[in-house]
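Q: Please work out how this folds:
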Amino acid sequence: MEPTRKKVVVIGAGVGGIATAARLAQCGLDVSVYEKNDFVGGKCSSIVEDGHRFDRGPSLLLMTEVFEETYRHLGTSMSSEGVELLKCDPNCNFYFPDGQCLTTSTDLARMKRQLEKVDSRNGFQSFLSFLAESHHHYQQSIPHVLNKDFANYFALLRPGFLRYLFKLHPFHTVWQRVSHFFQPHQLRQVFSLASMYLGMSPFDTPGTYTLLQYTELTAGIWYPRGGFNRIAKTLADVGERLGVKYHLSQPVAGVSISSDKKALGIKLDTKQLVEADAVVVNADLLYAYEELLPSQKSTPDVTREKDDVSCSAITFYWSMSHQIHQLESHNMFVGQPTGDRFPDVYWNRDRKSMPSFYVHVPSRTDVSAAPEGKDTVMALVLVENIDMSGLAQHDLTSLITATREYVLSSMQSRIGVDLRDFIEHETLHSPTTWHQMFNSHRGSVFGLNHDFFNILSFRPHTKHDVIDGVYFVGASTHPGAGVPTCLSGAKITAERILRDLDVPIAWESVGTRSREAVTAEASKDTGVEPLRAAWKQIALLSVVFAMVAVWRT
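A: Model (predicted):
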């Protein structure tokens, strides 16, 4: 008689949840996914309107190796699953308020010409120096941050991590690192605005994240033919072949917890209990604590995290009657400077700033995104997250109207085309949309922020600190937001669950190892053993925190 397979329930079919489910099924677990919406992918989903296809959220694919690894670990490949990546060339057009346009590209000769238009003497050399540093950020972040679990503060003591800590510049901001290399204000803007991918200002984003600009400029920006949701759908298909059962349009009411703080399974809206040996939460983290784990909602960490939630967004999805040839696939309309500081990247409450905003035209790279002779256009403006309980409808309507006018008038003045003449249909997502559709706390679209005290061991862990059997994956959990980052997080979370359940990890090249061997290796990796090495690392860490304290003041 075969032993009963251990059962795992995943709450939420976002990219992190889908990838975690497939990985667990690959290792022989009985996995079910419950999703409140009738589609998979979460924010990584599509909107279709009269032949126009929009990416609801993510619209550019970076770090292709992370995607390739995920499919490879599942015993397949992107090409085998019909995923074709199209290169966006050029990378992005940056339109400035004075009418200038700078185009970024992986073509060094083209980049040289563009940079020398702004800084003929030092522009290209500064660019090469910036690439050298951001290359180091990227190369060391992959093995030491993105692929490692920071389950506790001892994880910060890893010798491999500490060796590179200061070279990763986590105590500097992206703006400071970019300003170190580039003098012209326009170039500083161009090479720092990738922080918007995290929903943050370059004045607040740790300097390590210049790796985002690096991977764009060296490996390029890619787009899956058929839309970004193609990634989510194919991963879900792979999971189903491996035995994952999907329950769409099935909201979860909460996690069932025993008196001794052990997860028993999930409760559905029908009051039905679905038993499980482990529960993976891919829902919005703060929503999960307040609604799915209500007994934990008043813990100090959750109270602090409520103040650290990322911004929201107003997104316009426009079906165009004609092609707008002035726009490339990716376009950044750089904000108007206000005073000595860099302009806000999002609308603030008084809306006096002139924020940067992003425009995506998927039909420029993938013709299937729009009917022949037409374009599909998405415009994204970051806005402050909103207190839903005190939000008046007229305030939201006023905000949306002002945002639409700002976007359309800015585009008209910079590219010489009034899009109002060509918009056949508009779909709108506002903070309330993100909140209602994805349970996003205050309409946030990037989970928790990514400042220094919200990354690494400071970020919510992949396993609940109190309740045994509850795990997390997604934008607010280590390692952070972004599709490739969530895919890396899925690997970390899946491996944590498999080790806790004493199940062999299928994709480990060294083969099956005992739980004791894995635990011993983890202890060695964190620097806990031997003791002499640990005390040296603790001393070094004390110096690190002292410097952080000085830096924050």
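Q: Need the contact partners of stretch 112-125.
A: With contact meaning CB atoms under 8 Å, 6 or more residues apart in numbering, stretch 112-125 is reached by 102-105, 111, 126-127, 182-184, 186-187. Every C-beta, even on glycine, is put in place using the N, C-alpha and C of the backbone.
Q: Same list, the residues you listed, but as TSV with secondary structure please.
A: Output for these, formatted as TSV (DSSP: H, G, I helix; E, B strand; the rest coil):
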residue	secondary structure
Leu102	strand
Thr103	strand
Thr104	strand
Ser105	coil
Met111	helix
Ser126	helix
Phe127	helix
Phe182	coil
Gln183	coil
Pro184	coil
Gln186	helix
Leu187	helix
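Q: Which pair of those residues spans the longest distance?
A: Ser105 and Gln183 (21.7 Å; CB to CB).
Q: between those two, which one's more packed in?
A: Just comparing Ser105 and Gln183: by other CB atoms under 10 Å the higher neighbour count belongs to Ser105, 19 against 14.
Q: now the helices for the stretch 101-250 of the chain?
A: Taking DSSP state H, counting those that start in this stretch as the test, the helices found in the stretch 101-250 of the chain are 108-118, 123-141, 159-162, 174-181, 185-190, 211-219, 229-241.
Q: now the angle from the first one to helix 211-219?
A: For helix 108-118 and helix 211-219, the angle between their directions (axes from the mean of the first three to the mean of the last three CA atoms, to 10 degrees) works out to 130 degrees.
Q: where are the low-confidence patches of the stretch 1-150 of the chain?
A: Applying pLDDT under 70 to the stretch 1-150 of the chain flags the ranges 1-3.
Q: The same query, at a cut-off of 90, please.
A: 1-5, 137, 139-150 (pLDDT under 90).
Q: you'd agree Pro97 is up against Pro355?
A: No: judged on CB atoms under 8 Å, Pro97 makes no contact with Pro355 at a distance of 11.9 Å.
Q: what touches both of these two?
A: Gly335.
Q: List the buried residues in the helix or strand hosting Tyr471.
A: Using DSSP states H and E, Tyr471 falls within strand 470-472. By neighbour count on 16 or more other CB atoms under 10 Å, the buried set for strand 470-472 is 470-472.
Q: tell me, what residue is most central in this protein?
A: Gly482 (1.7 Å; CA atoms, centre = their mean).
Q: Report the contact partners of that residue.
A: Gly482 touches 58, 62, 197-198, 475, counting by CB under 8 Å, 6+ apart.
Q: still on that earlier bit, between Pro97 and Pro355, which one's more packed in?
A: Neighbour count, other CB under 10 Å: between Pro97 and Pro355, Pro355 has more, with 25 against 15.
Q: wouldn't the more buried one be in contact with Leu382 here?
A: Yes: assessed by CB under 8 Å, Pro355 is found in contact with Leu382 at 6.6 Å.
Q: Ok, which of the helices of the stretch 101-250 of the chain comes nearest Asp204?
A: The nearest among those, by CB to CB, is helix 174-181 at 8.5 Å.
Q: Enumerate the positions of the closest one that are buried.
A: 174-175, 177-181.
Q: so which helix or strand takes in the residue lying closest to Arg459 once chain neighbours are set aside?
A: Spatial nearest neighbour of Arg459, excluding adjacent residues (CB to CB, 6 or more residues apart in numbering): His478 at 4.5 Å. Assigned by DSSP H and E, His478 falls within no helix or strand.
Q: burial measure for His478, as a count.
A: Neighbour tally, His478, other CB under 10 Å: 27.
Q: Please report the distance of it from Pro184.
A: Distance from His478 to Pro184, counting by CB to CB, to the nearest Å: 36 Å.
Q: and if you look at Ile47?
A: Computed with CB to CB, the distance linking Ile47 and Pro184 is 38 Å.
Q: out of these two, which sits in the busier spot?
A: Neighbour totals were compared for Ile47 and Pro184, and Ile47 leads with 17 against 14 (other CB under 10 Å).
Q: so who does that one touch?
A: Per CB under 8 Å, 6+ apart, neighbours of Ile47: 53-54, 56, 317, 427.
Q: Neighbours of the nearest residue to it once chain neighbours are set aside, how many?
A: In space, and not counting its chain neighbours, Ile47 is closest to Phe54: 4.3 Å by CB to CB, 6+ apart. Close neighbours of Phe54, defined as other CB under 10 Å, add up to 27.
Q: Just list what the helix or strand hosting Phe54 packs against, helices and strands only.
A: Using DSSP H and E, Phe54 sits in strand 52-55. Judged by 3 or more CB pairs under 8 Å, 6 or more residues apart in numbering; DSSP states H and E, strand 52-55 is in contact with strand 46-49, strand 312-320, strand 376-383.
Q: Now distance to Asp451 too, for the ones you listed, in JSON lines please.
A: As requested, the helices and strands packed on strand 52-55 are exported to JSON lines (distance: least, CB to CB, whole Å):
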{"stretch": "strand 46-49", "distance to Asp451": "32"}
{"stretch": "strand 312-320", "distance to Asp451": "18"}
{"stretch": "strand 376-383", "distance to Asp451": "16"}
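Q: Nearest to Ala13, out of these?
A: strand 46-49 (14.1 Å).
Q: What pairs with that closest one, parallel or antiparallel?
A: Sheet pairing of strand 46-49 (DSSP bridges) gives strand 52-55 (antiparallel).
Q: Which residues does the strand it pairs with contact?
A: Residues contacting strand 52-55 (CB under 8 Å, 6+ apart): 44, 46-48, 227-229, 317, 319, 360, 362, 368-371, 374, 376, 378, 425, 427.
Q: Show me which of those residues are buried.
A: 44, 46-47, 227-229, 317, 319, 360, 362, 369-371, 374, 376, 378, 427.
Q: in the protein, which helix or strand is least confident?
A: Every helix and strand in the chain was compared by mean pLDDT, DSSP states H and E; the lowest is helix 515-525, with a mean of 39.
Q: and for the strand holding Tyr471, what are the contacting residues?
A: Taking CB under 8 Å, 6+ apart as the rule, strand 470-472 contacts 255, 263, 278-282, 285, 288, 293, 460-464, 493, 496-497.
Q: at 7 Å instead, please
A: 255, 263, 278-281, 285, 460, 462-464, 493, 496-497 (CB atoms under 7 Å, 6 or more residues apart in numbering).
Q: follow-up on the earlier one: can you pick the most crowded of the contacts of Gly482?
A: Going by other CB under 10 Å, Ala475 tops these with 29 neighbours.
Q: How much space separates that residue from Leu419?
A: 31 Å.
Q: same question, Val503
A: 53 Å.
Q: of the two, who's got more company?
A: More neighbours surround Leu419 than the other of Val503 and Leu419, with 21 against 18 (other CB under 10 Å).
Q: Can you tell me the SS state at Pro90?
A: Assigned with three-state DSSP, Pro90 falls in the coil class.
Q: Would you agree it is in contact with Glu328?
A: Yes: counting by CB atoms under 7 Å, Pro90 touches Glu328, with 6.2 Å between them.
Q: if you average pLDDT over the strand holding Tyr471, what comes out?
A: In this model, strand 470-472 carries a mean pLDDT of 96.
Q: picking up where we left off before, filter the contacts of stretch 112-125 down to the buried ones, ChimeraX style.
A: A single ChimeraX command suffices to select whichever of the contacts of stretch 112-125 are buried according to 16+ other CB under 10 Å:
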select :102,103,104,105,111,126,127,182,186,187
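Q: what would the contacts of stretch 112-125 look like in CSV with distance to Trp434?
A: Formatted as CSV, the contacts of stretch 112-125 follow (distance: CB to CB, whole Å):
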residue, distance to Trp434
Leu102, 31
Thr103, 31
Thr104, 29
Ser105, 32
Met111, 35
Ser126, 38
Phe127, 36
Phe182, 34
Gln183, 38
Pro184, 36
Gln186, 32
Leu187, 33
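Q: so where's the stretch 301-450 of the chain shaky on pLDDT?
A: Ranges of the stretch 301-450 of the chain meeting pLDDT under 90: 301-311, 335-355, 383-399, 441-443, 446-450.
Q: distance of Ala263 from His464?
A: In terms of CB to CB, Ala263 sits 8 Å off from His464.
Q: separation between the nearest residue to Gln189 once chain neighbours are set aside and Asp375?
A: Distances taken as CB to CB, 6+ apart place Val334 nearest to Gln189, at 5.3 Å, with adjacent residues excluded. The gap separating Val334 from Asp375 is 22 Å, by CB to CB.
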